[in-house]
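Novice: Provided below are the primary sequence and the corresponding predicted coordinates.
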Amino acid sequence: MTIEYTPVGIACNLSCSYCYQEPMRDAHNISAPRDWSAAKALLLRYNSKFTVFGGEPLLTPIEHLEEVFQLGYERFGSNGIQTNGTLITDEHVELFKKYRVGVGISCDGPGELSEFRVGSVSSTDATLGAIDRLCKAGHFPSLIVTLSRSNATSDRLADLVKWFREMEAIGVTYVNLHNLEIERGLDHLGLSDEDTLLAFRYIYHATKGMKMPFAPFDDIRKLLTEDAPSVTCTWNNCDPLTTAAVQGVTPDGVQSNCGRTNKDGVNWVKGDRPGFERYLALYQTPQEFGGCKDCRFFLFCKGHCPGTAIDGDWRNRTRDCALWYGLFETVEAELLQENRLPISRETERYKKLEKAFFDRITGEQQTDSHGDSPHGDSPHGDRHGDSPHGDSHMDFGLVSERKHGPTAQL
């Protein structure tokens with residue numbers, strides 16, 4: 001579970017054409033008056049490491065950033081921040097080093113590889129300069145890279161991989177590849193399903209042998225081989241009304257959800273308890289009606305992130321189904337070539353894990369979840385895909401010590 005404090009709400013100094021937060025900005029639901037005492041009280045109530053998030057969190061006055069990082073360092077030993085990097089100064093770098101701030105930077109590559117991201121060469125250069133500045137200071141960041149027509153067409157993939165190698169050489173620690181989230185009818189920015197899969201497969205094969213880990217490839221291999229894999233939140237049966245992976249703290253100290261599910265521009269109030277109706281329904285709904293019935297990778301994918309659901313309706317499976325199914329097939333075939341039997345081919349093990357998963361979510365759904373958590377969310381959440389913090393376990397239900405209710409009628 002990631003705690004995200006948004007000191008400027010979703011205000012941003014850029015206008016990336018594909019940003020999933022744009023519906024919120026279009027509706028002018030951008031921020032709220034800052035009340036640090038209320039936000040601090042909620043952060044302390046969560047009693048967990050937190051990430052400073054946005055929009056662009058470095059729009060925050062540096063004096064406030066320091067008191068936030070001081071709180072995180074003194075209480076939890078470290079901090080995190082996710083930024084586009086354009087506003088990082090030497091003063092920020094010193095703060096990051098002083099308060100052990102893990103830095104995640106969003107960047108889609110140099111030059112024309114980032115044209116959809118910001119539409120500005122100078123902004124991209126500022127981000128690349130920040131990455132270089134951090135690495136030279138010995139404070140190595142991680143990257144989020146969104147694949148689109150700007151950086152992942154067949155004529156640009158080699159340049160993108162070359163840049164990845166350059167980033168590894170200067171000390172970048174990790175790359176999280178995102179598929180483009182199409183909002184507001186901007187489908188022309190994205191690749192076709194076929195070309196998207198080809199791009200991810202190209203990067204997967206071209207980066208083998210690199211020491212720098214890449215998501216989602218590492219996640220998929222773990223999902224196919226481990227009973228309790230540490231993976232990013234998009235694989236973790238997220239309830240869109242409580243978003244266990246992300247517990248947001250707004251500038252005025254109010255609880256909020258992951259913004260990926262805010263498709264209508266409204267930052268809905270967090271639900272009192274999680275529900276898992278989406279996964280019970282997807283399991284039984286035929287694929288031609290937006291479900292996942294009979295998908296042999298359902299246990300691992302679970303319809304993926306509700307924020308990427310078909311038609312923006314979280315009740316449907318992800319619109320990226322062809323991508324994830326294809327990548328699971330790719331990794332599965334490689335495991336077989338390595339003489340390793342993936343869980344997807346180990347029938348009894350798969351059935352046992354599947355039953356444990358449904359036992360767990362039906363038990364949680366029937367259990368009053370108000371406890372130590374101030375919002376009543378599931379304890380089985382995971383870090384948000386954008387957070388520079390480490391992962392936590394997705395246990396499929398086998399390693400939980402909670403008592404659960406009856407098995408779902410599957």
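Specialist: Great, that's in hand.

Novice: how close does Arg25 sit to Cys16?
Specialist: Arg25 sits 11 Å away from Cys16, going by C-beta to C-beta, to the nearest Å. All C-beta spots, glycine's among them, are computed from the backbone N, C-alpha and C.

Novice: what's the neighbour count on Ser154?
Specialist: Other residues lying near Ser154 total 11 when counted by other C-beta atoms under 10 Å.

Novice: and it, helix, strand or coil?
Specialist: coil (DSSP: H, G, I helix; E, B strand; the rest coil).

Novice: That one reaches Leu198, doesn't it?
Specialist: Yes - in terms of C-beta atoms under 8 Å, Ser154 counts as a neighbour of Leu198; the distance is 7.5 Å.

Novice: Tell me if Met24 really is in a helix.
Specialist: Yes - residue assignment for Met24, taken from three-state DSSP, places it within a helix.

Novice: OK, contacts around it?
Specialist: Residues in contact with Met24, defined by C-beta atoms under 8 Å, 6 or more residues apart in numbering, are Ile10, Ile30, Gly259, Asn262, Gly265, Val266, Asn267.

Novice: Quick check: the fifth one is in a strand.
Specialist: No - if the criterion is three-state DSSP, then Gly265 is coil and not within a strand.

Novice: which ones are touching it?
Specialist: For Gly265, the contacting residues are Pro23, Met24, Asp26, Ala27, Asn29, taking C-beta under 8 Å, 6+ apart as the criterion.

Novice: For Gln21, see how far away it is.
Specialist: 10 Å.

Novice: same deal with Phe50?
Specialist: Look at Phe50 and Gln21: by C-beta to C-beta, they are 19 Å apart.

Novice: which ones are touching Leu224?
Specialist: Each residue near Leu224 by C-beta under 8 Å, 6+ apart is listed here: Phe300, Phe328, Val331, Glu332, Leu335, Pro342, Ile343, Ser344.

Novice: Select from those residues the one having the most neighbours.
Specialist: Phe300 (25 neighbours).

Novice: Excluding chain neighbours, what is closest to that one?
Specialist: Across the structure, with C-beta to C-beta, 6 or more residues apart in numbering as the measure, the residue nearest Phe300 apart from its sequence neighbours is Leu223 (4.1 Å).

Novice: pLDDT score for the one you found?
Specialist: On the pLDDT scale, Leu223 is placed at 97.

Novice: isn't it right next to Trp235, touching?
Specialist: Yes - here Leu223 lies in contact with Trp235, judged by C-beta under 8 Å, at a distance of 6.4 Å.

Novice: what residues are shared contacts of those two?
Specialist: Once C-beta under 8 Å, 6+ apart is applied, the residues that Leu223 and Trp235 both contact turn out to be Phe300.

Novice: what residues are up against Arg201?
Specialist: Taking C-beta under 8 Å, 6+ apart as the contact definition, Arg201 lies against Gly326, Leu327, Thr330.

Novice: What pLDDT does the model give the closest residue to Thr308 other than its chain neighbours?
Specialist: Distance criterion C-beta to C-beta, 6+ apart; nearest residue to Thr308, sequence neighbours excluded, is Thr318 at 4.5 Å. Thr318 is assigned a predicted lDDT (pLDDT) of 96.

Novice: ranges for the helices of this protein?
Specialist: Using DSSP state H, the helices of the chain run over 22-26, 36-46, 62-76, 90-98, 121-136, 157-170, 193-206, 217-225, 277-284, 298-301, 321-337, 347-366.

Novice: which stretches of the stretch 301-410 of the chain have low pLDDT?
Specialist: In the predicted model of the stretch 301-410 of the chain, residues 364-410 satisfy pLDDT under 70.

Novice: for the protein, which spans come out with low pLDDT?
Specialist: Checking the chain against pLDDT under 70 turns up 117-121, 182-187, 364-410.

Novice: contacting residues for the nearest residue to Ala137 once chain neighbours are set aside?
Specialist: In space, not counting the residues next to it along the chain, Ala137 is nearest to Val93; the distance is 5.2 Å by C-beta to C-beta, 6+ apart. With contact set as C-beta under 8 Å, 6+ apart, Val93 has these partners: Arg133, Leu134, Ala137, His139.

Novice: Make a ChimeraX selection of the buried ones in the residues you listed.
Specialist: This is how ChimeraX selects the buried members of these, with burial counted by 16 or more other C-beta atoms under 10 Å:
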select :133,134,139
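
Novice: residues contacting Pro216?
Specialist: By C-beta under 8 Å, 6+ apart, the residues touching Pro216 are Asn176, Leu177, Phe200, Thr232, Thr234, Trp324, Leu327.
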